[in-house]
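J.: pasted the sequence and its predicted model underneath.
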Amino acid sequence: MVISLLSPQAARCQDDGVFNRINGTRIKNSVFIYFDKDLTLYYSIDDEDITHKLDADMIFNIKNNHKNDFQVYFHFYNPLRTTVKSTQKNVEDPSYKAITDFIAKLPTGATKDASETKDKALPGDDKKMTEVKPSVILNQWILEFVTLIKPDAIVASEDLLKKYNAIADRINDIQTTEQFLFGELNIPSTGSTNRTVSGWVKLTASNLYKVDDDYTKFNDELTTAGNWKDVLAERDKDAKDKLKDVQKLLTSDFDALFTADLIPARLKEFKSYSTIFAKTLTTATQASFASQESLITQDSTLIKRLTDFAKDFSGVSVNGKIMHEGF
């Protein structure tokens with residue numbers, strides 16, 4: 001929706017009475033522009049308490065002491081829903097353009113979930129052996145690991161069981177990485193709802209768009225958006241940390257846990273394989289991390305632009321309405 005506020009030097013108006021009243025009034029300091037829920041424009045001048053309707057196609061002169069040093073104030077509006085233009089700055093609102101570009105670039109379609117490509121988990125006694133959960137990223141490595149261990153021997157030995165469970169726990173931490181990259185996440189303040197990173201970012205944009213032209217409500221929604229963005233950034237960090245820990249498990253921590261009594265055959269070959277596999281994990285997840293982080297960056301940029309936009313309206317209140325100085 002576009003509101004065109006025009007103030008060129010040429011004068012034209014359908015209602016000569018209204019035009020003469022505006023055109024014949026000198027401005028001392030300020031012109032205040034308001035609009036209602038139907039986007040009907042109104043104005044008031046300086047300290048007057050009443051407002052006057054401003055027809056959509058009205059063009060008029062405003063002047064004061066020939067220096068044109070008066071200020072124009074505009075009622076707060078949601079820049080995602082409304083664009084304001086004037087002849088002094090006939091440029092599309094950058095925040096509005098940002099949101100339309102932003103939404104257009106968001107990916108669509110289903111996101112791959114870890115369960116879609118899972119293989120059977122490691123067999124074992126559920127009461128004693130920690131189950132190794134299915135993994136997209138570690139699927140091939142887990143299959144190699146399963147073929148080398150002896151579950152009966154592990155269950156029979158407290159020491160082996162301790163080593164195995166320590167490995168399984170760290171391997172299962174990759175679920176944090178995969179949920180961030182391929183699955184759905186929960187933001188605690190929203191209850192039990194789960195969404196992909198893309199889903200949360202889209203919901204943020206949608207919620208901000210739905211706020212009406214209420215300064216307080218808009219800032220409250222911005223606060224919520226910022227909190228959600230911080231959670232997504234934290235999940236990004238957790239996902240990377242868990243991936244690094246798995247890589248550490250397969251390299252520098254390998255000898256401490258993957259001992260000959262746990263893996264009685266081909267231990268040396270499995271260590272070499274694990275070292276190479278650990279290095280491939282960075283390349284294998286790089287594009288997915290970049291995609292998710294791009295969404296979070298776009299989200300952060302949008303929130304910052306809208307926050308800066310809202311700050312321009314702080315500190316100026318006229319007749320109970322939050323106003324912004326100038327165009």
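T.: Thanks, I have the structure now.

J.: break this protein into its domains for me.
T.: As assigned by automatic domain parsing, the chain contains the domains 2-75, 114-311.

J.: count the neighbours of Pro79 for me.
T.: 23 (other CB atoms under 10 Å). For every residue, glycine as well, the C-beta is placed using N, CA and C.

J.: please identify which helix or strand holds it.
T.: Following DSSP states H and E, there is no helix or strand that holds Pro79.

J.: that one touches Phe309, doesn't it?
T.: Yes - taking contacts as CB atoms under 8 Å, Pro79 lies within contact range of Phe309: 5.6 Å.

J.: can I take it that Ile33 is in a helix?
T.: No - judged by DSSP: H, G, I helix; E, B strand; the rest coil, Ile33 forms no part of a helix; its state is strand.

J.: Phe74 is in contact with that one, correct?
T.: Yes - applying CB under 8 Å as the test, Ile33 and Phe74 come out as touching, 4.8 Å apart.

J.: so which of these two has more stuff around it?
T.: Set side by side, Ile33 and Phe74 show more neighbours around Phe74, with 24 against 21, by other CB under 10 Å.

J.: in three-state terms, label the more buried one for me.
T.: Under three-state DSSP, Phe74 comes out as strand.

J.: contacts for stretch 141-149?
T.: By CB atoms under 8 Å, 6 or more residues apart in numbering, the surrounding residues in contact with stretch 141-149 are 119, 122-123, 132, 135, 164, 171, 250, 262-263, 265-267, 270, 273-274, 277.

J.: where does pLDDT dip in the chain?
T.: 1-31, 34, 37-39, 41-72, 83-127, 315-327 (pLDDT under 70).

J.: sorry, back to before: which of the domains of the chain is buried the deepest?
T.: Highest mean neighbour count among the domains of the chain (mean count of other CB atoms under 10 Å): domain 114-311, with a mean of 16.

J.: all strands of the protein, in order?
T.: 2-4, 30-35, 41-45, 52-54, 71-75, 83-85, 185-186, 194-195, 317-318, 321-325 (DSSP state E).

J.: what's the closest non-adjacent residue to Arg266?
T.: Computed as CB to CB, 6 or more residues apart in numbering, the closest residue to Arg266 that is not its neighbour in sequence is Leu148, at 6.3 Å.

J.: any idea how far the one you found lies from Phe270?
T.: Leu148 is 6 Å from Phe270, where distance means CB to CB, to the nearest Å.

J.: Glu178 too?
T.: 23 Å.

J.: ok, Thr216 next?
T.: Distance from Thr216 to Phe270, by CB to CB: 61 Å.

J.: again, but for Asp236
T.: In terms of CB to CB, Asp236 sits 31 Å off from Phe270.

J.: equivalent analysis for Gly183, please.
T.: 29 Å.

J.: quick check: closest non-adjacent residue to Tyr273.
T.: Glu144 (6.5 Å).

J.: what's the answer for Leu185, then?
T.: Nearest non-adjacent residue to Leu185 (CB to CB, 6+ apart): Arg235, at 5.7 Å.
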